[in-house]
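Undergrad: Can you look at this prediction? I've put the sequence above it.
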Amino acid sequence: MEKSNNVTVFILLGLSKNKNTEILCFILFLFCYIAIYIGNVLIMVSITCSRLTEQPMHFFLNYLSLSDLCYTSTVTPKLITGLLAERKIISYSSCMTQLFTTHFFGSIEIFIFTGMPYDHCVAICKPLHYTIIMSRWRCNAIIIACCTGGFTHSASQFLLTIFLPFCGLNEIDHYFCDVYPLLKLACSNTHIIGLLVIANSGLIALVTFVILMVSFFFIWYSIRAYSAESHSNALSTCSSHITVIVLFFVPALFIYIRPATTFPEDKTFALFYTIIAPIFNPLIYTLRNMEMKNALRKVWCQHILLESKQLF
C-alpha cells in the first residue's frame, strides 16, 4: 500500500470547544503538571541521595518516578499550551513522535508496576532469602526487561501507524496523538490493524492487570498468619499500590481492549492514565511511606542547612 502524503499537520480538537472550560482546564492541568514534576523530582533526588537506593522497593520507585515524569511530559505540556491556542496544530512528525514516546514510557510504567508486586511477594513470602533473590543484578535485569518490553511495544504501535495513508481528513478528536483516533482518519481499511492494536495494547494491559491482581491476592493470602501490626503494614502498602493501578489500568482497558472505535468519553478516560494517576503516584508513595518521608526530611533539611551555612 502506497502511503499518501496529503496530510502534513493534524488539528487536535482537544477536550472542549467552550473557552471558559478550556481556561479552567488550563489552570487545573498546569497545577497538576507542576505537582507531578516537583513530586517526582523530589522522590528521585531523595532516593538517589540517601541509602534508600539500596532497597529494591525504592530502587523500583526511583525508576517509576522517572518513567512517570517522562510519560506525562509527552502529553501534558502539549495539552496545556493547546488549551489557550485558537487552533491546536501538531505536525505529522511530531504526532508520530508523540505516539511513540507515549506508548514507550507508558508501557515501561506498566511493566515497572508489574515488577513492584514481585518485590512485595518475595519480601512477604521469603523474607529470609529476600536480599539474595532481590539482588542488585536482578533489579537491574527487571528494569532492562521493562525498557526492552516498552520499546518493543511502542515500536510495533509506531510501525502500525506510520504507514497509514492519510488523504485529507486531519482533525483528531482527542488531545494527543493515539492509535485509534489516527485509524479513524486513515483512508484505507484498518480492520486488521485495529485487531493488531487490540492484540498488542489491549492484551498487554489486560495480562499485566490480571498478574497484578493475582499477585496482590497471593500477598493477602500469605499475610493472614502474620501479627496484626505486620498485617496492617503490608495491607497499607498494597492498598496504595492497588489504588494507583486501578486509576491507571481500568481506563486504559476501557479504551484499548475493545474493537478499534472511538467514543467522546475516551478523552475523559485518557485523563486518568495520563494526568490523574501520575499525580497520585508521588502522593501515595511518599505520604504513606515512612522511610520515604524520613529520606525527604533528611536530604532536604541537610540541603537547607548547608545553604544557610554558606550564606553566613
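TA: Great, that's in hand. Numbers count the residues shown, from 1 in each chain.
Undergrad: Helices of the stretch 201-312 of the chain, start to end?
TA: According to DSSP state H, counting those that start in this stretch, the stretch 201-312 of the chain carries its helices in the segments 203-222, 228-256, 266-271, 277-287, 290-311.
Undergrad: Tell me which other helices or strands the third one touches.
TA: Applying 3 or more CB pairs under 8 Å, 6 or more residues apart in numbering; DSSP states H and E, one finds that helix 266-271 makes contact with helix 228-256. For glycine as for every other residue, the C-beta is placed from the backbone atoms N, C-alpha and C.
Undergrad: avg pLDDT for the helix it packs on?
TA: Taken as a whole, helix 228-256 has an average pLDDT of 75.
Undergrad: wait, is residue 176 part of a strand?
TA: No. Counting by DSSP: H, G, I helix; E, B strand; the rest coil, one finds residue 176 to be coil, located in no strand.
Undergrad: wait, what's in contact with it?
TA: Residues near residue 176 by CB atoms under 8 Å, 6 or more residues apart in numbering: 12, 74-75, 78-79, 98, 102, 270, 274.
Undergrad: Out of the residues you listed, which is nearest to residue 197?
TA: Each of the contacts of residue 176 was scored against residue 197 by CB to CB, and residue 102 proved nearest at 13.7 Å.
Undergrad: Just read off the phi/psi values of residue 28.
TA: Residue 28 has phi and psi values of phi -60, psi -50 when expressed as degrees, to the nearest 10.
Undergrad: what's the answer for residue 164, then?
TA: phi -70, psi 140.
Undergrad: ok, it - contacts?
TA: Shown in contact with residue 164 (CB under 8 Å, 6+ apart): 3, 182-183, 186, 188, 190, 193.
Undergrad: how close does it sit to residue 195?
TA: The gap separating residue 164 from residue 195 is 15 Å, by CB to CB, to the nearest Å.
Undergrad: what's the answer for residue 82, then?
TA: For residue 82 relative to residue 195 (CB to CB), the value is 31 Å.
Undergrad: low pLDDT regions in the stretch 201-312 of the chain?
TA: Low-confidence regions of the stretch 201-312 of the chain, defined here as pLDDT under 70, cover residues 224-238, 286-312.
Undergrad: Does residue 57 touch residue 116 like I think?
TA: Yes. Between residue 57 and residue 116 there is a contact under CB atoms under 8 Å: 7.1 Å.
Undergrad: The two: who's more crowded?
TA: Applying other CB atoms under 10 Å to residue 57 and residue 116 shows that residue 116 carries more neighbours, namely 23 against 19.
Undergrad: secondary structure element for the nearest residue to the more buried one once chain neighbours are set aside?
TA: Taking CB to CB, 6 or more residues apart in numbering as the measure, residue 116 lies nearest to residue 60, with 5.1 Å between them; neighbours along the chain are not counted. Element membership of residue 60, judged by DSSP states H and E, is helix 56-73.
Undergrad: Can you name the next helix or strand after that helix?
TA: helix 76-84.
Undergrad: That following helix - contacts with which helices or strands?
TA: Counting contacts by 3+ CB pairs under 8 Å, 6+ apart, the secondary-structure elements packed against helix 76-84 are helix 19-48.
Undergrad: for the helix it packs on, which positions count as buried?
TA: Across helix 19-48, burial judged by 16 or more other CB atoms under 10 Å covers 22, 25-26, 29-30, 32-33, 36-37, 39-40, 42-47.
Undergrad: Nothing else from me, thank you.
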